[in-house]
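Undergrad: no sequence on hand, only this structure:
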């Protein structure tokens, strides 16, 4: 296997430069569950400086907009998010001096609300009953009312979102597996990770199988993922020629795998990551010996907890 560049090997002038080049970890206890001789590997996207896979897309969307003038002095970045992209926007905005406003469903985790607020981000809450689609509708309304005030990257329709994974995640997986990857599986939210990584992998080797994982019900508990049949379909979702299969994931199966990962692998990750690994397990069971299945660990599990308050008025 080719060497992996790790953050500890790098000295940089900005935290923005630390996005990407995340480690790949082998999940031997999950391989044992499959019992087929297939290898199962997971991309540790929680190792990004903002703590999730969304750092990649947020970084590229912001840098591309700064480069072509869409994001200019005097404009505020605004977008809808269920949490992780908002944290990424907030981190990168703070590092680059870009003001950020987010529209979030009111029921996103307290940790994500508090983390974005710590960066100085303004948060507007949409109805918890309408989920991520309600946040999308509200941010579009806000931008339409005062378009001159905002830079609206629109993570669900911005080609820089999958572009970040085409340029980063896909090539990293090929390098880290020594070109041996045979299957890639991940869940879909904006669909950017699957679209960009899948497109690169198919270009590298058309025989690589790409599998999308979706929650099996509109009222699911895999935060950050979309059940497309009941949702606004992202404009960047173009599965033709990229996605070979779809796995419909029950919430309980994803949650159970998250518990397995923390107890058996020491990986404390969120439930979308559990769903991804559960889907990779299914793929490995079918693929058999010689398969090299890669999936994504989207974020850390502590992002779903309510953190301790660090308000100065309470500390001093």
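TA: Received, thanks. Note that this is a predicted model, so its numbers are computed, not measured.
Undergrad: OK, contacts around residue 212?
TA: 185, 186, 187, 188, 194, 239, 243, 245, 246, 247 (Cβ atoms under 8 Å, 6 or more residues apart in numbering). The way it works is simple: take the backbone N, C-alpha and C, and place the C-beta from them, glycine included.
Undergrad: the chain: helices as residue ranges?
TA: 28-34, 54-68, 84-96, 110-118, 131-145, 160-164, 170-176, 192-204, 251-260, 271-287, 312-315 (DSSP state H).
Undergrad: buried stuff in the second one?
TA: When burial is assessed from 16 or more other Cβ atoms under 10 Å, helix 54-68 yields the following buried residues: 54, 55, 56, 57, 58, 59, 60, 61, 62, 63, 64, 65.
Undergrad: pLDDT below threshold where in this structure?
TA: Using pLDDT under 70 as the threshold, the predicted model of the chain has low-confidence ranges 1-10, 306-316.
Undergrad: could you list the domains of it?
TA: The record's domain parsing of the chain by automatic domain parsing lists 7-52+166-303, 54-151.
Undergrad: any chance of the ones you listed in JSON lines with distance to residue 157 as columns?
TA: Supplementary listing: the domains of the chain in JSON lines, determined by distance: least, Cβ to Cβ, whole Å:
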{"stretch": "domain 7-52+166-303", "distance to residue 157": "4"}
{"stretch": "domain 54-151", "distance to residue 157": "10"}
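Undergrad: for residue 158, find the nearest of the ones you listed.
TA: Of all the domains of the chain, the one in closest proximity to residue 158, counting by Cβ to Cβ, is domain 54-151 (5.4 Å).
Undergrad: what about residue 37, neighbour count?
TA: Each residue near residue 37 was counted by other Cβ atoms under 10 Å, and the total is 12.
Undergrad: what number of residues lie near the closest residue in space to it that isn't next to it in sequence?
TA: What sits nearest to residue 37 in space, not counting adjacent residues and going by Cβ to Cβ, 6 or more residues apart in numbering, is residue 289, at 3.6 Å. Other residues near residue 289 come to 8 when the count uses other Cβ under 10 Å.
Undergrad: where's residue 289 relative to residue 40, distance?
TA: Taken as Cβ to Cβ, to the nearest Å, the spacing of residue 289 relative to residue 40 amounts to 13 Å.
Undergrad: ok, back up a step: of the contacts of residue 212, keep whichever come out buried.
TA: When burial is judged by neighbour count using 16+ other Cβ under 10 Å, the buried members of the contacts of residue 212 are 185, 186, 187, 188, 194, 239, 243, 247.
Undergrad: residues in contact with residue 153?
TA: Counting by Cβ under 8 Å, 6+ apart, residue 153 touches 61, 62, 65, 77, 79, 160.
Undergrad: quick check: the gap between it and residue 137.
TA: 17 Å.
Undergrad: quick check: the gap between the spatially closest residue to residue 225 that is not a sequence neighbour and residue 222.
TA: Distances taken as Cβ to Cβ, 6+ apart place residue 187 nearest to residue 225, at 4.6 Å, with adjacent residues excluded. Taking Cβ to Cβ as the criterion, residue 187 is separated from residue 222 by 7 Å.
Undergrad: between those two, which contacts overlap?
TA: The contact sets of residue 187 and residue 222 overlap at 215, 249, 272, 275 (Cβ under 8 Å, 6+ apart).
Undergrad: can you lay out these as TSV showing distance to residue 124 and neighbour count?
TA: As requested, these are arranged in TSV below (distance: Cβ to Cβ, whole Å; neighbours: other Cβ atoms under 10 Å):
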residue	distance to residue 124	neighbour count
215	26	25
249	30	26
272	24	27
275	28	31
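Undergrad: returning to what we had before: now the buried residues of helix 54-68 in a markdown table, please, with extra columns for distance to residue 129.
TA: Compiled in a markdown table, the buried residues of helix 54-68 are given as follows (distance: Cβ to Cβ, whole Å):
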| residue | distance to residue 129 |
| --- | --- |
| 54 | 24 |
| 55 | 29 |
| 56 | 30 |
| 57 | 27 |
| 58 | 27 |
| 59 | 32 |
| 60 | 32 |
| 61 | 28 |
| 62 | 31 |
| 63 | 35 |
| 64 | 34 |
| 65 | 32 |
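Undergrad: residue contacts, the residue nearest the centre of the chain?
TA: For the chain, the residue nearest the mean C-alpha position is residue 53 (3.7 Å; Cα atoms, centre = their mean). Shown here is residue 53, whose contacts under the criterion Cβ under 8 Å, 6+ apart are 43, 45, 84, 169, 193, 296, 298, 299.
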